[in-house]
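Participant: any chance you can model this:
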Amino acid sequence: MAGKPNPARWVLLGALLCAGCAAPAQILPTPRASAPARAEIPAPTPSATPAPLFDGARAYAWVTRQVAHGPRITGTAGNRALGDEILAELAAQGWRALAQDFSYKSTAARNLIGTKTNPQSKEWVVLGAHYDTRKRADQDPIHPDQPVPGANDAASGAAVLLELARVVDVNAAGKNIALVFFDAEDNGDLDGWDWIVGSEYFAAHLSQTLPVTPSAVVVLDMIGDKDLNIFYEKNSDPALSAQIWGAAQRLGFSGQFIPSAKWSMEDDHTPFLRRGIRAVDVIDFDYPDWHRVTDTPDKVSADSLFRVGRTMQAWLELK
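Facilitator: As a prediction, this is how the structure comes out:
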């Protein structure tokens with residue numbers, strides 16, 4: 001998760017926000033042929049197996065698998081091993097998986113990208129989360145020099161993307177989808193590093209990975225807290241936020257997706273806003289274990305992961 005909220009630095013971002021939303025479509029069953037006169041009408045056969053729904057327990061398993069790699073600090077063996085596992089999972093789920101290598105302050109880094117295309121659409125949307133962790137728990141009053149385990153920040157967002165890779169149907173979504181795991185997000189203000197380095201690099205080189213500018217970017221960050229309270233982020237696109245929070249409300253998750261603004265964040269959605277791309281930060285910043293050694297899997301809830309993941313799956317199916 002990027003640095004502390006700083007409302008003053010966001011005055012100029014308001015002009016970047018644009019409205020616009022689409023109406024949901026209804027998926028109709030495949031018509032069956034008319035039956036002969038006086039013949040018994042057979043029961044219709046489904047045209048395809050229904051897409052699976054998001055599974056919070058599976059997502060939680062991805063949280064523990066990430067934390068088992070130890071600190072996933074950019075440039076370390078743990079970061080590299082997790083990145084390899086993410087790329088392998090994307091490929092196993094039928095996504096085109098690629099690594100976007102770059103260097104920052106003489107440190108090797110890479111964004112991880114999975115894409116699935118819908119030949120009936122030219123529209124692209126991006127769902128992103130960072131997968132690196134913070135090298136020092138500078139908010140911890142007892143162990144400020146130890147690395148952050150990063151169960152909620154950032155394993156929760158990456159876990160939701162990995163489960164979405166299993167369940168998302170681009171045909172039902174009616175659009176092309178990119179799942180992007182950003183590196184080098186979480187060591188800002190340490191040893192001269194900046195925040196959101198990976199997403200800034202990805203946004204600056206969009207033409208290398210996507211054929212067109214995405215119509216929307218949604219970032220998931222710190223969304224596994226057991227006491228989940230996700231408010232509107234003040235810099236995010238209002239219309240796009242309303243779409244997502246509306247999807248959550250229709251699913252009965254209005255207690256977790258609260259349609260009022262609270263935080264103003266610099267996060268992985270920021271580089272896209274700067275370029276005039278609609279973007280939203282889905283984040284619960286009311287997390288007492290932020291940048292502490294206590295950010296461990298026991299602080300994360302499979303139910304919270306389910307509510308966020310199921311909301312994103314439902315939102316993607318809007319046309």
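Participant: checking the nearest residue to A155 once chain neighbours are set aside next. Helix, strand or coil?
Facilitator: Excluding the flanking residues, the one nearest A155 by CB to CB, 6 or more residues apart in numbering is Q66, at 4.0 Å. Backbone N, C-alpha and C define where each C-beta goes, glycine included. Three-state assignment for Q66 (DSSP: H, G, I helix; E, B strand; the rest coil): helix.
Participant: do the same with G157
Facilitator: With three-state DSSP as the criterion, G157 reads helix.
Participant: correct me, but it touches M222?
Facilitator: Yes. Counting by CB atoms under 8 Å, G157 touches M222, with 7.2 Å between them.
Participant: neighbours of the residue nearest to A155, how many?
Facilitator: 26 (other CB atoms under 10 Å).
Participant: from R250, how far off is it?
Facilitator: 30 Å (CB to CB, to the nearest Å).
Participant: with D84 instead?
Facilitator: 38 Å.
Participant: equivalent analysis for L240, please.
Facilitator: With CB to CB as the criterion, L240 and R250 are 16 Å apart.
Participant: those two: who's more crowded?
Facilitator: Neighbour count, other CB under 10 Å: between L240 and R250, L240 has more, with 23 against 12.
Participant: which SSE is that one in?
Facilitator: Per DSSP states H and E: L240 is located in helix 238-250.
Participant: give me the next element, helix or strand, following that helix.
Facilitator: strand 257-263.
Participant: and the helix or strand that that next one is followed by, how far out from the chain's middle?
Facilitator: Sequence order places helix 270-274 as the next helix or strand after strand 257-263, per DSSP H and E. Relative to the chain's own centre, helix 270-274 is displaced by 15 Å; criterion: CA atoms, centre = their mean, to the nearest Å.
Participant: so what secondary structure elements neighbour helix 270-274?
Facilitator: For helix 270-274, the helices and strands in contact under the criterion 3 or more CB pairs under 8 Å, 6 or more residues apart in numbering; DSSP states H and E are helix 197-204, strand 279-283.
Participant: again, only using 6 Å
Facilitator: On a contact count with 3 or more CB pairs under 6 Å, 6 or more residues apart in numbering; DSSP states H and E, helix 270-274 meets helix 197-204.
Participant: can you mark which positions in the helix it packs on are buried?
Facilitator: Neighbour counts over helix 197-204 (16 or more other CB atoms under 10 Å) mark V197, G198, S199, E200, Y201, F202, A203 as buried.
Participant: picking up where we left off before, the helix holding L240 to strand 279-283, inter-axis angle?
Facilitator: Following axes from the mean of the first three to the mean of the last three CA atoms, to 10 degrees, one obtains 40 degrees for the angle between helix 238-250 and strand 279-283.
Participant: pull out the buried positions in helix 238-250.
Facilitator: Across helix 238-250, burial judged by 16+ other CB under 10 Å covers P238, A239, L240, S241, A242, Q243, I244, W245, G246, A247, A248.
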